[in-house]
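Colleague: using only what follows, build the 3D model:
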Amino acid sequence: MSMHTTWTVRRRRGPTSLVKNGLTASSVRSSPTVSVRPRPAMNFSIYGALAHSLRKGAERGDMICVMFGDTGKKVRPCQYRLSVTLSAVTATLLFLGIGLCFVTRIGIENDEALFSMALFQPFGGAYVLRFGHSQFTLMLMTYLGGLKALIYLPIFQLFGTGVLTLRVPMVVAGAASVWLFFLLLRRIAGERAAIIGCWLLTVDSAYLITICFDWGPVALQHLLLLGGCLLLIRFYQERRHISLFWGCFLLGLGLWDKALALWMLSGIGIAVLAVFPREIASVVTKRRILLSVLGLALGALPLLIYNLQNHWVTFIGNFQRDTSNFSGKARLLMNTASGDGLFGMFNEAWNTPTPRQAAGLMQDLSARISTDTGHPRRHLLFYAFLLALLLAPLARGHALRAIAVGAIALLIAWVLMAITAGAGGSVHHTILLWPLPHMVIGISFAAASRKLRRFGLPVLLIVATAAVVSGALVTNEYYYAALRYGGSRGWTDGIVALADAMKRVPAERIYCVDWGMLDTLRLLDHGTLPLVIGPLPKRDLGSSDRDAVGRLVDDSGAVFIAHTKAFEEFPGVNQRFAELAAESGHAMEVVTRVSDSFGMPAYEVYRFTKGSIPLDPK
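Modeller: The predicted structure is shown next:
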């Protein structure tokens with residue numbers, strides 16, 4: 001074969017054809033031809049494989065990534081279809097719009113406001129950095145960093161604290177993560193897979209709700225993981241070292257934000273090394289290793305400093321192996337994928353005496369859709385994932401290996417979660433595995449549709465539409481539950497009214513008798529309330545606490561906040577506290593009671609007086 005021969009894929013109205021001519025090499029999709037000039041010492045079989053891959057890439061509009069063993073070559077991305085990009089933008093904006101509809105529907109759960117300990121008094125945290133008269137909490141807990149607090153610092157300074165300023169930024173972060181997922185999947189598997197995965201993620205109720213009410217926290221985890229992976233894929237395809245550094249930096253930030261990111265990083269890392277060992281080895285150099293380590297360490301620097309000074313407590317003290325509830329955690333993962341794992345956040349008809357009526361066109365439409373569809377609580381994502389695994393053998397080459405990476409990473413990350421004591425038993429843990437299921441579904445469905453040739457797109461459209469519509473219906477059901485019945489015990493909107501009421505209660509010290517109030521009050525009142533941390537709340541108050549309780553109730557400037565019996569997080573704690581106070585000769589005097597927007601008493605504020613005043617029977 002002549003060393004100057006060029007093989008060109010020419011796109012026509014019919015099937016693509018391989019023609020022989022003398023054009024120069026190029027891989028620009030907008031051009032009517034895709035040409036490759038052979039290099040010396042290459043045999044004919046390489047040309048056949050290369051031409052086949054180019055033809056398939058040209059047919060499906062995917063990025064063409066060809067390497068000749070020379071890893072220094074850059075890959076020029078193809079031009080993508082505007083209609084697909086606009087569809088992804090629509091999905092992203094839809095996620096943003098739906099999230100904003102949820103923002104004010106329920107109250108703030110205490111863990112959602114946990115990061116406020118780094119911003120407002122009374123300050124707290126596991127690792128506090130002090131400089132002069134100022135301080136900042138770098139680590140809230142041994143595994144939870146202060147990144148979220150650092151982001152919110154200018155937000156609260158500019159716009160104040162409240163439900164909107166707390167939740168809108170995380171909804172925006174969630175919408176950004178949907179867009180990043182589209183970009184990532186488009187680079188990995190092409191436009192068809194990317195648009196399927198993007199729309200499935202948009203209507204995934206578990207993903208939306210855990211981000212909107214970010215008590216995990218999980219919103220920044222998704223954003224940083226997807227951003228980091230996108231930059232690393234970009235580095236692999238384009239050999240830009242700046243992408244390698246900043247990709248690793250974002251992953252390091254994810255570790256600082258929440259060290260549980262190690263589950264996903266371990267799963268993805270092991271899966272990629274197992275499926276693409278040669279490709280990874282081909283790009284490894286000393287310089288790139290140094291850049292990767294430097295970026296990762298810089299992003300996770302606060303976490304590293306904290307662990308260097310505390311004997312690596314994040315990685316040693318937080319892991320205790322426990323497989324006793326392995327099957328229960330597996331069921332929770334299935335429920336998360338089915339969409340019904342979060343209805344416990346909302347009240348039901350039986351415990352809401354006066355359900356809120358729909359008001360306005362959108363609320364009326366939501367209520368009508370919910371009623372007409374039979375109040376659906378499970379969607380088809382779990383079954384779509386199973387179908388994607390069954391269809392995986394229809395994929396070939398790169399697509400099949402990408403599916404394998406997603407499935408293996410998902411399995412490894414979940415196993416690491418499931419064998420850890422205290423982890424994997426709540427949706428805010430299992431959702432950290434997202435959007436790996438959507439990646440597997442998108443790539444598998446796209447590959448299967450190509451195998452069906454002319455029937456592929458119609459079948460794909462029917463199946464994907466069914467999955468998307470089912471997800472949208474379940475998301476609407478969550479909105480209907482939040483609108484009509486409000487938040488459950490830990491999510492009552494009475495906390496907002498309580499924060500406002502406490503501004504008018506004279507007190508030198510405020511104690512929270514029950515769990516679930518302190519962090520939220522600290523945030524909503526911008527640290528102005530004289531809240532006291534410890535010795536309350538305590539789950540099991542007993543006779544051994546009599547002296548401690550006596551000292552608290554002896555304080556004439558102390559005011560106590562507790563849940564009413566129906567809203568108690570620690571059942572019976574309010575009654576036991578009053579009984580111990582009575583044993584020391586003090587009686588409860590109720591200052592005020594605060595109800596939620598449904599008229600249900602949720603909180604009571606009281607102080608103690610010396611004497612024989614009987615306990616309030618309520």
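Colleague: give me the residues contacting stretch 409-418.
Modeller: 260, 262-264, 266-268, 270-272, 323, 326, 329-330, 333, 423-424, 429-430, 432-433, 436-437, 440 (Cβ atoms under 8 Å, 6 or more residues apart in numbering). (Glycine included, C-beta is placed from N, CA and C.)
Colleague: with stretch 115-128 instead?
Modeller: By Cβ under 8 Å, 6+ apart, stretch 115-128 touches 135-142, 146, 148-150, 152-153, 156, 217, 302, 305-306, 309-310, 519, 522-523, 526-527, 531-533.
Colleague: show me which of the contacts of stretch 409-418 are buried.
Modeller: 260, 262-264, 267-268, 270-272, 329, 333, 423-424, 429-430, 432-433, 436-437, 440 (16 or more other Cβ atoms under 10 Å).
Colleague: show only the entries of those residues found in helices.
Modeller: 262-264, 267-268, 270-272, 329, 333, 429-430, 436-437, 440 (DSSP state H).
Colleague: could you list the low-confidence segments of this protein?
Modeller: Residues of the chain meeting the criterion pLDDT under 70: 1-79, 611-618.
Colleague: which residue ranges form the strands in the protein?
Modeller: Here the chain has its strands, by DSSP state E, at 6-10, 17-21, 33-36, 127-131, 134-139, 509-512, 558-563, 586-595, 601-610.
Colleague: buried ones in the longest helix that the chain contains?
Modeller: What stands out as the longest helix in the chain, according to DSSP H, is helix 456-485. Judged by neighbour count using 16+ other Cβ under 10 Å, the buried positions of helix 456-485 are 456, 460, 463-464, 467-468, 470-485.
Colleague: one more: stretch 376-394?
Modeller: With burial defined by 16+ other Cβ under 10 Å, the residues of stretch 376-394 counted as buried are 376-382, 384-385, 387-388, 391-392, 394.
Colleague: of all these, which two lie farthest apart?
Modeller: 377 and 394 (31.8 Å; Cβ to Cβ).
Colleague: can you pick out the most distant pair from the ones in helices among the buried ones among the contacts of stretch 409-418?
Modeller: Between any two of those (Cβ to Cβ), the greatest distance is 25.0 Å, for 272 and 329.
Colleague: just to revisit the earlier point, filter the contacts of stretch 115-128 down to the ones in helices?
Modeller: Reading helices off these with DSSP H, I get 148-150, 152-153, 156, 302, 305-306, 309, 519, 522-523.
Colleague: ChimeraX command to pick out the buried ones of those residues?
Modeller: The buried residues among these can be selected in ChimeraX (16+ other Cβ under 10 Å) with this line:
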select :148,149,150,152,156,302,306,519,522,523
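Colleague: what is the nearest of the ones in helices among the contacts of stretch 115-128 to residue 317?
Modeller: residue 306 (11.9 Å).
Colleague: measure that closest one to residue 255 for me?
Modeller: To residue 255, residue 306 is 12 Å away according to Cβ to Cβ, to the nearest Å.
Colleague: equivalent analysis for residue 434, please.
Modeller: Residue 434 is 18 Å from residue 255, by Cβ to Cβ.
Colleague: try residue 608
Modeller: Distance, residue 608 to residue 255, by Cβ to Cβ: 46 Å.
Colleague: same thing with residue 437?
Modeller: Distance, residue 437 to residue 255, using Cβ to Cβ: 23 Å.
Colleague: swap in residue 188?
Modeller: Residue 188 is 23 Å from residue 255, where distance means Cβ to Cβ.
Colleague: could you do residue 281 as well?
Modeller: Residue 281 sits 25 Å away from residue 255, taking Cβ to Cβ as the criterion.
Colleague: please say which of these two ends up with more neighbours.
Modeller: residue 255 (25 against 10; other Cβ atoms under 10 Å).
Colleague: my guess is that one contacts residue 263. True?
Modeller: No. Assessed by Cβ atoms under 8 Å, residue 255 is found out of contact with residue 263, at 10.9 Å.
Colleague: how long is stretch 560-573 from one end to the other?
Modeller: 13 Å (Cα to Cα, to the nearest Å).
Colleague: sorry, that was for stretch 540-555
Modeller: First-to-last residue span, stretch 540-555, Cα to Cα: 22 Å.
Colleague: run through who's touching it.
Modeller: Contacts of stretch 540-555 (Cβ under 8 Å, 6+ apart): 508-509, 511, 535-536, 538, 558, 560, 573, 576-577, 580-581, 583-584, 586, 608.
Colleague: which among these count as buried?
Modeller: Buried by 16+ other Cβ under 10 Å: 511, 536, 538, 558, 560, 573, 576-577, 580-581, 584, 586, 608, out of the contacts of stretch 540-555.
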